[in-house]
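Undergrad: From the sequence below, what's the structure:
(one chain, ligands or ions: 1)
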Amino acid sequence: MPQITVGVSLKAYFGRRQARVWFAGAAAVLRAHEGVRSGAVEAFVIPTYLQLDDAAGAFAGIRVRLGVQDVSGFEPGAYTGEVTAAEVAESGVAYAEIGHAERRRLFGESDADVAAKAAAALRHGVTPVLCLGEEERTDAAGAAAATVAQLARSLAGAPAGPVLVAYEPVWAIGAPAPAPIDHIGTVTRSLRAALLADGDRSGSRVIYGGSAGPGLLTGLGGAVDGLFLGRFAHDPEALGDVLDEAYALARSAS
Ligand SMILES: O=C[C@H](O)COP(=O)(O)O
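TA: Next comes the predicted model:
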């Protein structure tokens, strides 16, 4: 049965108290979910750094992986404020989100910064959740070409290892609705082909994010390996609905 991935980034929406409430609600949903229990659905949660311990406690005994929302491109040393991939790996954290559109736009991250971070993560066995996507809404073929080129730039010089590409068209993030199904499918097909053609990226997968919520995964069918949720996972029940769709998709594809 092919595994379907459902990830959640909490961005910086919650303080610790509110995050603990969300972890408890999400843990109840995840613990009870047959798709998660069986491993047919891979769930991951990316809280803030300060919420990681609370998340690990709330999800103890549940098949949930944790991630960080950013990682340093530097090895351990005199880099005030950074969190290194070495420390992320040492903390048992599986994923490092890299190159989210908000980090590129608000904090000036370049493709070269993203490539350094992806390389650092892969050096330490942390899987990059590599966020890619076109800034302006264009036709699907143009978006596919731009995103595949961004993929190559984002992994320039990175050691071999699998990545989890999160296709997130910038114009669909924080929007009322996700990108259209056809648009997503055209881009994800191109990303999958590019990853498949790269011998260094065996085991890589492609998920979609950008106003994703209940109903989208069923519409996308096999066009993606899963979803990356933001706001629409704030309600644990909605997360449960997406997990149901992921499990149904995993079973239908087996
Ligand atoms: O990390 C998640 C994405 O940026 C999507 O966020 P959103 O679903 O709130 O638009």
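Undergrad: alpha carbons only for contacts and neighbour counts from here, please
TA: Fine.
Undergrad: what does the stretch 51-200 of the chain put close to the ligand?
TA: Near the ligand, the residues belonging to the stretch 51-200 of the chain are Ile173, Gly174, Ala175 when assessed by CA under 6 Å from any ligand atom.
Undergrad: Restrict those to the buried ones and give me that as a PyMOL selection.
TA: Command for PyMOL, covering only those of these found buried under the criterion 16 or more other CA atoms under 10 Å:
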select buried, resi 173
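Undergrad: which regions of the chain sit below the pLDDT cut-off?
TA: Under the criterion of pLDDT under 70, the regions of the chain flagged as low confidence span 1.
Undergrad: try 50 this time
TA: With pLDDT under 50 as the threshold, the chain has no low-confidence stretch at all.
Undergrad: could the residues of the stretch 51-200 of the chain next to the ligand go into JSON lines alongside secondary structure and distance to Ala89?
TA: Written out in JSON lines, the entries for these read as follows (DSSP: H, G, I helix; E, B strand; the rest coil; distance: CA to CA, whole Å):
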{"residue": "Ile173", "secondary structure": "coil", "distance to Ala89": "29"}
{"residue": "Gly174", "secondary structure": "coil", "distance to Ala89": "30"}
{"residue": "Ala175", "secondary structure": "coil", "distance to Ala89": "33"}
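Undergrad: Redo the residues of the stretch 51-200 of the chain next to the ligand as a markdown table? Include distance to Glu245.
TA: Below are those laid out as a markdown table (distance: CA to CA, whole Å):
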| residue | distance to Glu245 |
| --- | --- |
| Ile173 | 21 |
| Gly174 | 22 |
| Ala175 | 22 |
